[in-house]
Each structure stands twice: as C-alpha cells, then as structure tokens.
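Trainee: Just the structure for this:
(chains A and B)
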Amino acid sequence: MKVLMFGWEFPPHIAGGLGTACYGMTKGLAANGVEVLFVMPSASGDEDQSAVKIINASDVPVDTVSTSVDEFLGKVKFIHIGSNMVPYVDPQDFTKMVEEERKRQIKNFRIQYGQKYKFSGKYGENLMEEVARYAMVGATIALQHADEFDVIHAHDWLTYLAGIAAKQLTGKPLVVHVHATSFDRSSDDKIDTRVYDLERKGMEAADKVIAVSELTRNIVINKYGISPDKVVAVHNAVDFSGRENLVVERGVKDKVVTFLGRITFQKGPEYFIEAAAKVLKRCSHVRFVMAGSGDMLNRCIRHVARLGISDRFHFTGFLRGADVQKMFALSDVYVMPSVSEPFGISPLEAMQTNVPSIISKQSGVAEVLKYAIKVDFWDIDAMADAMYGLLNYPAMADMAARCGRDEVDALKWTNAAYKIKKVYESVIK
Amino acid sequence: MKKSICLYFQVHQPNRLRLYRFFDIGKDSHYYDDFANRTILRRVAQRCYLPTNELLLELINTYKGQFKVAFSISGSVLEQFDRYAPEVIDSFRKLAGTGCVEFLAETYYHSLASLASPTEFQYQVMKHRETIEHYFGVTPKSFRNTELIYSDEIGSMVYDMGFKTMLTEGAKHVLGWKSPNYIYAGALAPKLKLLLKNSTLSDDIAFRFSDRSWSDWPLTGDKYLGWIKAAAQNDEIVNLFMDYETFGEHQKSQSGIFEFMRYFPEVVIKDGEFEFVTPDQAARKHKAVATLDVPDPISWADEERDVTAWLGNELQNDAFKKLYSVAEKLSLIHDNEQLRSDFGHLQESDHFYYMCTKFFSDGAVHKYFNPYDTPYEAFINYMNVLSDFILRVDDAISVSDVNFAAGKKTAPAKVEKAATAKKTVKKAVAKKPAKAETSTAARKPSAKKTVKTKK
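Mentor: Residues are numbered from 1 along each chain as shown, chains lettered A, B, ... in the order given. This is a model prediction of the structure:
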C-alpha cells in the first residue's frame, strides 16, 4: 500500500508538534508495510528519509498541469485576498500590512504561474497565501505521481486544500488528519472563520477523518457537523528512541514544579499560578517554573508579582533544544493545565524522563494515560492537592514516575500506524 | 547680601546585571555584566567625567574661589572608577583639593533603603561617609538621598545621623504656592535645612539644552541668567541640581554644553547679583523661611515627583519586599563581605527603575537608561538573581549556626577567602551600633576599613 501524504513540516526543522507526529507516524507506517510519499512546502534536505520519500514542494513547477489547476483555483481564489493571519493588530498596522501585501501580490502574481514557488514552510504572515499555493503545487505533484499511491493523507488545515485538489484531480480517496481545530487555538468567540471554513471543507471532502483523540473527534462531530461514522480517533504515540536522558546537576535543593509550553489562554497558565500560590502557603521547599513564551506571559508575570510569590516562581522565557531536556531533568512534577488540548505530547516527554505529571481532563492525552494525575483545568484546589501530594509523599511520586514511564514506553507509533492503515484500507475500494 | 546659586551634580552608575537564567540559580553567583559596566563607565568617563572635571577645575582656578560646586558620588560608581577608570578618582581629588567643592553624603549603593529599613539606611550612609573621607579626605556635611527622595520621616533620620542640611526636590504638589527658591526646615526635624531643586531651571540644562524644537533653543549664559533673575526676583537662592552625566553624555559635547558651562560662571560673577555657594554654605548663609510638610515621599523623578518610578507597580513592589526580607537574616551573618556587597548592589535603585511600566508620560527618559527591552524581562532577571542570593544567605546562616554550635573553633574551608578580611570587618561590625548612636564618633573612623569593598 502506498500513500501520498501532505504535511507542513518534518524534523529536524519544526515549530510545533505536527512535524514530530508526522515523523513518528511515517516510521510506524513503514513498519506496517505502508510506503509514504511525503510532500512538504519547504524541505531542507537534511530530513531523515529512511522511512519516507520526501518531495519538496518548492522544487516543483506548476506549469505542467496549469489548465486543470486553473479550474480548481477558481474555487480557492478567495484566499489570495487579505491573507494576513495576524490577530489583534490595530487599524494603522492593518492598513499598512494590507498595503504592503497588495503591492507584493501584484508583483508576485506575474511569476506565480509556471514558476516554482519558494515556500517558507513557516507559520508567518503570508500563511494563507502559502496554503493556497501549496494546494496548487500539491495538485501538480499528485498528477505527476498518480500511479504511485493508493490514498491521500493530509495533516491539519494547512494541507487540506492540497488534499482536496489531489483528490479531485486523481480520484483517489482522501483521509484528513485533525491534530488540532480552530477551537483549540482560540476561544469560541474568536475563531478565525477562514481557517474554520478550510477545516470544514477538508473534513467534508474527506472519505475518512482521523482525530488525535476522542475529545477532538467530538469537536469534529459537534462543531463541524461531520457524520460520526466518518470520524475515527487514533491516539498519537511518541518516539523517544535515540534520546539520552540528560543528567543535570541541580542548582537548587528545592523541588521543582514545571509548566512548559506556549503561555496562551488555551494552555491554562493562570490556573497553574493560582495552584502554585496555594501550594506555597503550605510548603516552602518548592519552586515553580513557567517555561515558554506567549501572549499571556506579561500578564502572568504581573499575576505572580501580585500574589507575592516571585521569589519562588520563575520564568525562563522560550526554551529550545537541549534546554527543554534540561528543564525536564530539573523537574519533580510536571503540570499541563490546558483548557483545551487535542492531544498533548509534553506530559509524555516529562513522564519519559521519570517526572510524574498532572494533566487536565480536557486533554486528549488524558484518554490514554492511567498513571498521570488528572484534574479539571479550572479546579485549582485539586491541582494544588495533586502538586502537594507528589511533592510530599514519595511513595506516590515514585509510583507515578515508575508506572508512568512504563506507560509512555508502551505507546508505540507502530500500533497507532496499524490503526491508520486500517483506515486506509476502509477507504480504498 | 548677594543671592545664591547652588550647583550640585549627581555622579552614579549602577552595576548592571548579566543575563541570569533560572538554570544559573544555585550554581553561579556572579551577577554582573562586567563587560557592559566597564564599557559604559569608560565611555562616560571619556565623554563626561574627565573633560567636565577638567573644565570645572579650570573655572575654579580662574575665578579664585568665587565658583563653587557640589558633588554626590555614589559608592557603586566609586567602586567602578577604582576598577575601570582610576584616573577619574584622581581628577575628583584635584577638585577636592581646591576647597571649592563640597562632597555630599548619600547611601553608598544609591539605594532606596530609606523607604525600607532605617538600619540599612544608616549603615549605607555611614559606609558612604567613610568612603568619601577615604578617597577625598573630606567629611560630607550635607546629605542628599537617592534620587532626592525625601519625606518628613527620612528628614528626621538624616538629622539624627548628624546632618544639618539636606537636598531634595522642589515638588509642586508639596510646595503649593511656596517658592522653591528659599531654604525650608524639616517638619519633624526643625533644625534640618532643606534645599529645594528648582526643576524648571535645572531641567532647562539637564533635559532641554540640546532640544532644537524647544522655543528657547539655543540657551546662552546671558539668557539663562536672565531667567534665574526673573525666577528669584524676590527670593534668595536658586538650586540647580542635575545628573553630572548631563555634560557630554546626555547633552553631547557638540550641543555646546561645555561652552555654556565655561561662560556661565563668568556671566554670573560679572553681573554680581548672585554668588555661587555649596549646600553647606547655603545653609549657613540663609535662614529657613518655613517648615515644609512632606508626609509622603517625594523625589526628582518623572512628572509625579514621587517614588512610583521605583515602587509603582506590583513587579517592583514584590521584588522590593522580597529583597528587604533578607535584611534581617543578613544581619546575623558577620563574616561574609561578598554577601554584604551583593546585597548592596542588588539594592541599587536602578534595578527597580528598569521594572517601571510608566511608559507613556516619561517613556523617553526611562528608555534611555534601561538595558532591558521590557520591564518584565528586567523583573525576571532580577528575581532569578535575587533567588540565588537568598539561597546563599540561607546557606551562610546554616554555616554560621554550625560554627556557633561548634563553639566558633573552626572556620569551614569554604570561607577561607574571607578569612583575611575577617579581622577588620569584625571590628567594624562590633563598632557599628555605637557609631549609629553618636554621630561624633562616626565622624572620624579610620579610613582603612573601607578599602575592603574594592577587591
């Protein structure tokens, strides 16, 4: 069985969890005898191609199939207008951006057809435009390789258009994979409708929809109106092979409770702070660390200062690479208080490093973990309780660490990929 | 009797902190950005301190005792001079030798201790007084608090330490209809004479001098004297207080600030209505016309002229509270010079200034002085450093507890470094309480001890 897969990123150059998931998934599929042709906007050439063949969309000119693509483009043209996806800009900035964008588009429009397009492959201001171009290039690639695959698999809304185009031009079945929805990215009243429309379009056009958790599956059914029998939940796995556990010398004797992630509303940082303040009232041998950055960072700093706990509550700013490992190695308890989390890889990383974790019930990963402590994100008393317990009762922390580690090690991409393969089989007639 | 002009210049540079991350806590206890501190100090020395000192020396010699100025030089900047630009100290010494320069007392670390801890405040003032004696051979008689911060209570603390004169801001909300161009008396210490800064005239030089959009640009000596005369028509004294860095650093030399300063004394002396005095002379020459009630602290900063530039938001308040929560513990540790010195440097008011969020009204001034992009970064960095410092204090306390339990027989290997310093320091500590009580005793301490801080 062969699959044409549309992704947005692939290790080693990744910005979010999507690339990591795609990497693990393709390896798992290979182990299940599925060949993957992986298309991404901007490959660098240093990707691990042992399990997949990578096609760099930036290398593919569009002109070969321009007639059939033009027809398709008629439907997606709207995206070329006002493609800036930057939330909360003030009117002046917006006018400026729109002006620049217009000038740039006029220039670029001339070279757009019959030329290679250099994708940034990032999540920048021109994201919407890149998404549309990716669709054109993706369609071209699908036509060129039409004999080489049986099914199309598209990851997240960024690639759905490419998936739809490929399906229309080749008639092959389409599977879309929902790693996150608009409802996980912002609160209900601030949904980006353009993204929502793309997501729904992709889900509707798909023969099957894979969601990363039951939580996400329910969102797909309830908020996007997709028929339940078309949506399958396949939980992510993790692949920590080749990672050594860092041994880090501790500077502080106190126990460390860590929050690591984007500091945004969806991640629930303020609940973590409130719970920390409660714990600090009861025990003094503990420090709290909030690692990461985001639009709520400054608000959180003020919050901490107002609670008067800033000598025990530290901010590290954005951590990258080895510093993330170091942070886990320094932690005694990991907390993920997400308000909404389709899956959530980070507690798995923590548990793999023998750090007991507290996770919110509103996360997909809560569905697969038994030995993580689960609380409602809003229940700061329960969260504080759990923190206190893990800090003060070694028996509990030891068990959570030991069993948690086994549990994480048992999550294999091979198993998840097997389920995905079954989905493929169900759509190939 | 001639009217008076009193010139006072503030000389200070903070010890800027290095990027100190959470991962450094408990591992690395060097807190300072030595490179930035050295670079900035050497730059300002070349542009401001050295050339301006030379100019003032020349003016003093030319006018044979008729031109006088006062300096307040923080201990923090003196340490940096010692380390990075000792020639600046020499040039201040030459000025001290003329007898026409008064050196004021302040808190050694340019700190806000007066708002937090009377004990710490007294300790730093004494330390500064000794340091000035050591370097310049003169005993400060007048006092200026960090950023001209003053309140009735601070005034009475200062008076109790033996000072008869204190400098502060002529804050409008305190003065009301009164003029800053007189000498006033402290509300709780009636014998303490207060010299009030004339903000408009001071800021004409300090902030507006090179501003070409200012309707009165360019400023000349004659024009400026005209303003002084107009302002003090029926008054007695005009106090021009400003940062010394005004000359050559804030106002670049191309702006003509040095030429202005060169001719200003000549204009004043030729005219004859005014004479130059130092704060101490001013206090002896003029009588206090009234008492000044200042229940809440004032300062020379920002539009508000209060202390909100340093203690105005929750970040600053929490950091400040956490910092001074260590003071008591620290007083139990007697033989750790390095801890003492770090505690001092962490108290420098500048660290709190960097956390200020009042961007809108005084943003330009704040930005100019700030090495951080945002107050939040300043806060995070400071709290990381402070956390390490608190850990060290706690460690030192448990060590000194162990020592005490062991009958003080053996010092642990850890404190070897401090061992040489120990003898003198212990003596100093033993003397301290007595010193704080009787100011006469404090006036003649041996200069030797202060050298310790420089290493």
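Trainee: excluding its backbone neighbours, what's nearest B:Tyr354?
Mentor: In this structure, B:Tyr354 finds its nearest non-sequential neighbour in B:Ala378, 3.7 Å apart by C-beta to C-beta, 6 or more residues apart in numbering or on different chains. C-beta: built from backbone N, CA, C; applies to glycine.
Trainee: you'd agree that neighbour is in a helix?
Mentor: Yes. Per DSSP: H, G, I helix; E, B strand; the rest coil, B:Ala378 lies within a helix segment.
Trainee: Look up how far B:Ala283 lies from B:Gln10.
Mentor: Here the criterion is C-beta to C-beta, to the nearest Å. By it, B:Gln10 lies 19 Å from B:Ala283.
Trainee: And for B:Leu196?
Mentor: 12 Å.
Trainee: can you check B:Ile132 too?
Mentor: Distance check for B:Ile132 against B:Ala283: by C-beta to C-beta, it reads 18 Å.
Trainee: Please apply the same query to B:Lys141.
Mentor: B:Lys141 is 9 Å from B:Ala283, where distance means C-beta to C-beta.
Trainee: do the same with B:Ser111
Mentor: Taking C-beta to C-beta as the measure, B:Ser111 falls 25 Å from B:Ala283.
Trainee: All the helices of the stretch 1-150 of chain A, in order from the start?
Mentor: Counting by DSSP state H, counting those that start in this stretch, the stretch 1-150 of chain A has helices at residues A:17-31, A:66-76, A:91-112, A:127-144.
Trainee: Now tell me what touches the first one from outside.
Mentor: The set of residues that contact helix A:17-31 without belonging to it, under C-beta atoms under 8 Å, 6 or more residues apart in numbering or on different chains, is A:3, A:5, A:7-11, A:13-14, A:36, A:38, A:48, A:50-52, A:155-156, A:179, A:212, A:236-239, A:343, A:345, A:412-418, A:420-421.
Trainee: Give the buried subset of those as a PyMOL selection command.
Mentor: To isolate the buried ones among the contacts of helix A:17-31 in PyMOL, judged by 16 or more other C-beta atoms under 10 Å in any protein chain shown, type:
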select buried, chain A and resi 3+5+7+8+9+10+36+38+51+52+155+156+179+212+236+237+238+239+343+345+413+415+416+417+418+420+421
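Trainee: Name the residue of the stretch 301-429 of chain A that lies nearest to chain B.
Mentor: A:Ala305 (4.1 Å; C-beta to the nearest C-beta).
Trainee: Go ahead and list the helix or strand containing that residue.
Mentor: Assigned by DSSP states H and E, A:Ala305 falls within helix A:297-307.
Trainee: quick one: contacts of that helix?
Mentor: The contact list for helix A:297-307, computed with C-beta under 8 Å, 6+ apart, reads A:263, A:269-270, A:273, A:277, A:290, A:310, A:313, A:315, B:313-315, B:317-319, B:374, B:376, B:379-380.
Trainee: With stretch B:272-279 instead?
Mentor: Contacts with stretch B:272-279, where a contact means C-beta under 8 Å, 6+ apart, come from B:2-8, B:66-70, B:100-102, B:104, B:142, B:165, B:167, B:195, B:225, B:228-229, B:237-238, B:265, B:268-269, B:285.
Trainee: so how far is it off the chain centroid?
Mentor: The chain centroid and the centroid of stretch B:272-279 are separated by 24 Å under C-alpha atoms, centre = their mean, to the nearest Å.
Trainee: buried residues in that stretch?
Mentor: Within stretch B:272-279, the residues that count as buried by 16+ other C-beta under 10 Å are B:274-279.
Trainee: taking the residues you listed one by one, which sit in strands?
Mentor: Using DSSP state E, the members of the buried residues of stretch B:272-279 that fall in strands are B:274-277.
Trainee: Need those residues in a markdown table (columns: pLDDT).
Mentor: Listed next are those as a markdown table, based on pLDDT from 0 to 100:
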| residue | pLDDT |
| --- | --- |
| B:Phe274 | 96 |
| B:Glu275 | 96 |
| B:Phe276 | 97 |
| B:Val277 | 97 |
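Trainee: need the strands for the chain, in chain order.
Mentor: With no chain named, the answer covers chain A. Residue ranges of the strands in chain A, as given by DSSP E, are A:2-6, A:35-40, A:52-56, A:151-155, A:174-178, A:208-211, A:231-233, A:255-260, A:286-291, A:313-317, A:333-336, A:357-360, A:373-375.
Trainee: that's the wrong chain, I meant chain B
Mentor: Counting by DSSP E, chain B has strands at residues B:3-11, B:69-73, B:101-103, B:142-144, B:165-169, B:183-186, B:193-197, B:237-243, B:247-248, B:251-252, B:274-277, B:288-292.
Trainee: Which pLDDT value belongs to the closest residue to A:Glu249 other than its chain neighbours?
Mentor: Spatial nearest neighbour of A:Glu249, chain neighbours left out: B:Lys27 (7.5 Å); criterion: C-beta to C-beta, 6+ apart. B:Lys27 carries a pLDDT score of 91 in this model.
Trainee: Tell me how many other residues surround B:Cys2.
Mentor: In this structure residue B:2 is Lys, not Cys. Using other C-beta atoms under 10 Å in any protein chain shown, B:Lys2 is surrounded by 12 other residues.
Trainee: Spatially, what comes nearest to the closest residue to chain B within chain A if we skip its sequence neighbours?
Mentor: Chain A approaches chain B most closely through A:Gly251 (2.8 Å), counting by C-beta to the nearest C-beta. Residue nearest to A:Gly251 in three dimensions, not counting chain neighbours: B:Gly26, with 2.8 Å by C-beta to C-beta, 6+ apart.
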